[in-house]
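Undergrad: What follows is a predicted structure for the sequence shown.
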Amino acid sequence: MMLALEMYRSPAKYLAAKAVGGRIPGILTGPAAPLRLVTIAEPKAERDGWARIRPILSGICGSDLGMVTGHTKLYFSAMVSMPFVPGHEIVGELLEDCEDLPKGTRVVMDSVLTCAARGVEFCDGCASGNTNRCDRITVGHVAPGLQTGFCQDTGGGWGNVMVAHRSQLYAVPDGISNERAVLTEPLACAVHTALRAKIKPGESVLISGAGAVGLFATLALRELTQAGRITVVAKHAKQRELARAFGASDVVAPDEVFRGVRRATGAFWLKPELGREFLLGGVDVAVDAVGSKDSIDTVLRVTKAGGRVVLSGMPSTGADLSPVWFRELELTGTYASAREEPNGRPAFETALELAAKAPLDGVVGATYPLYRWREALDHAQSAGRLGTVKVAFDVRSA
Amino acid sequence: MSRPGFVLEVDDRTPPLLVHNGEGFKLERFPLGTRVVYPPEAQAPVRDVEEAIQNALLNPLESEPLPELLRPGMRLTIAFDDISLPLPPMKKPDIRQRIIEAVLTMAADAGVDDVELISANALHRRLTPNELRDIVGERVFRSFYPDGKLYNFDAEDAANLTHLGQTKHGEDVEISKRAAESDLLVYVNVNLVAMDGGHKSTSIGLASYKSLKHHHNSHTMIHSRSFMDHKVSKMHHSAWRMGEVLTSHVKVFQIETTLNNDIFGGPLEFLQKREWEWSIKDQASMLAAKRGIDLAPTRVRRKIFQDVRANYGLTGINAGKIEPVHEKTIEAVHSQHKVEVQGQADVAIMGVPFVGPYNVNSIMNPILAACMGLGYYFNSYIGQPIVRKDGAVILYHPVDYEFSQLHHPSYVDFFEEVLSESTDPATIEAKFEKQYAEDPWYIHLYRTSNAYHGVHPFYMWYWISHALDHCGDIVWVGANRKSVERMGFRSASTLQDALEMVSHSVGRSPSITYLHNPPHLLADVR
Ligand SMILES: [Zn+2]
Ligand SMILES: [Zn+2]
């Protein structure tokens, strides 16, 4: 038996019942709270290639918060199996040998549950190395679930024991601390974003959002591409500071985006009599790392004609797509990361290199034991304001 | 007979003194011993303005009378000072209207029919049709504006600029093509302070950025001490060199006018007087105005001040060749504005009023407030600054974070982007000026809307570079802390606090000089 946080109410039902607004503890102690701390049976690793892992640190991701607060799209609910233990950003220790990896190896995990993990014939996505585009996420010998952390059978990082398939695992080199290693999964997503954005040398980029997604995207773009000017939209002082440290050429406040981009690119700034302003001209590539209607609206309006907009945060509905039509924008999404990225390598390998050398000290700004999960989620929800990038569970101390 | 400027030393009988503070004023008790420099009272105006104009045009200095320069078939261009002069704007009719009408009458008599009128606004914003009408008057406006013969100068209209050559210092002289190709260029000037007029009129007012950047830069402006003395101002030296090139290509007939200090009339007349001479009536109107202003919403308060039209009497008009005309002008300006001040002080205090050259009918944003205090007023000296090297300047203005998006779009960006990176004039010049000067959006707004040119906030900042270099401390009283700090200054809630803050550099009992303007004064610091 083990201690774990369990998501036990389906997002769809929770969405219908949730108390709107309010702080996280309010939501979580309300009658419809979807999460609880329980003692449950450990997940089993009976098939070849599977092994048990004891998580050390386990991050709280925006998608976890979306799930818990009922903001996640219903689109998602067909790809999870209830109840499940959340947590897909982990650094942990193997409790037994896993093929070539001996017991005790420190590992990080690509959480996507692909054909390889499910023991089915490879789909086109998996066959081509685009494992994040796997079409088989609801079949095979693992319960439905697009990722570990959304699947009944695997357990997740927010519990004392979980299982993973060898295809998901990467050994952590000795020099990398747990606090850095736990960032590998979000860094891998950022690596994927940076490489998917297809930035040509010197092109200007806007990154809307300076939470973990936006900041890591900034870092990855600076490290892996020859982007020219990178402008980051950041609300809070600590975010601004980190954005600069991670390679932003300039940082603007959310209400300064139009002015900042206009200045940076010499664009023309139009204000229609009705509706929102937009630029003629603007950045070559914009990355939305927030997902809100406002943020998406804004990036669409400040990207130059023929430019590219990359949706990296989980998008909400209701954005105005007129600029996509009028400016012939290329609109693309980035989800998780791939085994074979455009640079021919797994995103996780590149991410581990970043985790080793990037200025990431202090990025994990707070850790909580599992039993203080309400505070942990509350902190994660207001991380930006509190000057924290990443909040994690310290699962060992549970 | 008017009284000359006057220096008073504050003693225990001195009442609280009026300090201009944006769209409002304060009554401040100054420390004992503070020297208050009052502007001279308004000189008696010329009695018959029409006669004075005729006289100037018919008896010019070192030039044929105007009618002799006019002939059929010639190309005549009349350029005139834009809305930045005088301050506040003058009651109608504007002196420029009267002169332009007189010139046009002589031109008509001579059979000249190719006439164009150009507002010499350089990189200032375009004037609106109404603003042009206020300057030239209804009749001239109606006759010329609809046909496009009365217009704003456009420094970005490459097709309508002419490069006349370079000075011996390698400075480009590029001006309005129409002016350059005219048989005669008549310049109609209003000279409010000693900085205006002379070769500055044509070689700056009708020039492009390419030409202006030779003197509107941090190096030149820091070495222009002061702008009010064209003989020692590097900016003026450059303008004078350009003037030589310009006048070797174009015949210029310069008409310069000087105004007296009669600014505030009606219910604001007390602003014109010295506090201890306020009558019961003055005190009553002061209290009424103060209460009204303090209670009025911003919009109303702004309207009250923007509607101020000064009485100004004409003190002189001279026409002819630029240099001798300007000599006379400077003489007249000095005799109206000059106040003798004995020695420099440790601390200078100045109240920044509601209007400066670049916010007529608009908002005095933080950069313009700084420029008004540290550019205009600080530089309003001849000889030496009123405050000693490394002394302190204390300014009054609310310095609200407020910008006109219509008139000052590049100022907002300058404030947010440039000043957050550096406040050092040379640094920002090197890093940002070109970008701002060439930004297509600012150029678009300058040419088609009513925006100051993108580079204009840089010029404002260069203008204060002499003060930045000279002063040890700059503190604003009662100002928006964030705006003031962004510009690299400090703020205090009261004069006492401000004096406390500067005491580490000037001591606990510094000598203090308060420049009591406006009306305008020119401190002749001995
Ligand atoms: Zn995630
Ligand atoms: Zn697959």
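TA: Everything's here; your move. All of these numbers come straight from a predicted model, not from anything done at the bench. Residues are numbered from 1 along each chain as shown, chains lettered A, B, ... in the order given. Ligands and ions are numbered 1, 2, ... in the order given.

Undergrad: use CA for all of it now, contacts and neighbours both
TA: Fine.

Undergrad: residues contacting residue 329?
TA: No chain in the question, so chain A it is. A:300, A:303-309, A:323 (C-alpha atoms under 8 Å, 6 or more residues apart in numbering or on different chains).

Undergrad: meant chain B, my bad for not saying
TA: B:191, B:256-258, B:316-318.

Undergrad: By mean pLDDT, point me to the weakest helix or strand of chain A.
TA: Across the helices and strands of chain A, mean confidence by mean pLDDT, DSSP states H and E is lowest for helix A:11-17: a mean of 62.

Undergrad: ah, wrong one, I meant chain B
TA: helix B:218-222 (a mean of 82).

Undergrad: which residue does the stretch 51-200 of chain A bring closest to chain B?
TA: Chain B sits closest to A:Lys200 of the stretch 51-200 of chain A, with a gap of 23.0 Å, by C-alpha to the nearest C-alpha.

Undergrad: what about that residue, which helix or strand?
TA: Assigned by DSSP states H and E, A:Lys200 falls within no helix or strand.

Undergrad: Quick check: it touching A:Gln226?
TA: Yes: applying C-alpha atoms under 8 Å, one finds A:Lys200 in contact with A:Gln226, separated by 6.7 Å.

Undergrad: Now do the SS call for B:Gln336.
TA: Three-state assignment for B:Gln336 (DSSP: H, G, I helix; E, B strand; the rest coil): helix.

Undergrad: isn't it right up against B:Gly313?
TA: No: using C-alpha under 8 Å, B:Gln336 is not in contact with B:Gly313, being 11.5 Å away.

Undergrad: the more surrounded of these two?
TA: B:Gln336 (29 against 21; other C-alpha atoms under 10 Å in any protein chain shown).

Undergrad: wait, what's in contact with the more buried one?
TA: Here B:Gln336 is in contact with B:4, B:40-43, B:260-261, B:521 (C-alpha under 8 Å, 6+ apart).

Undergrad: ok, those vs ligand 2, which is closest?
TA: B:Leu521 (82.6 Å; C-alpha to the ion).

Undergrad: How many residues are close by the closest one?
TA: 26.

Undergrad: for the helix or strand containing B:Ile78, packing partners?
TA: Using DSSP H and E, B:Ile78 sits within strand B:75-80. Judged by 3 or more C-alpha pairs under 8 Å, 6 or more residues apart in numbering or on different chains; DSSP states H and E, strand B:75-80 is in contact with strand B:114-119, strand B:184-188.

Undergrad: For the closest residue in space to B:Leu18 that isn't next to it in sequence, which three-state class applies?
TA: Using C-alpha to C-alpha, 6 or more residues apart in numbering or on different chains and skipping the chain neighbours, the partner closest in space to B:Leu18 is B:Leu27 (4.6 Å). Put simply, B:Leu27 is strand when judged by three-state DSSP.

Undergrad: Doesn't A:Tyr170 lie inside a helix?
TA: No: under three-state DSSP, A:Tyr170 sits outside any helix and is assigned strand.

Undergrad: Since that was my last question, I'll sign off now.
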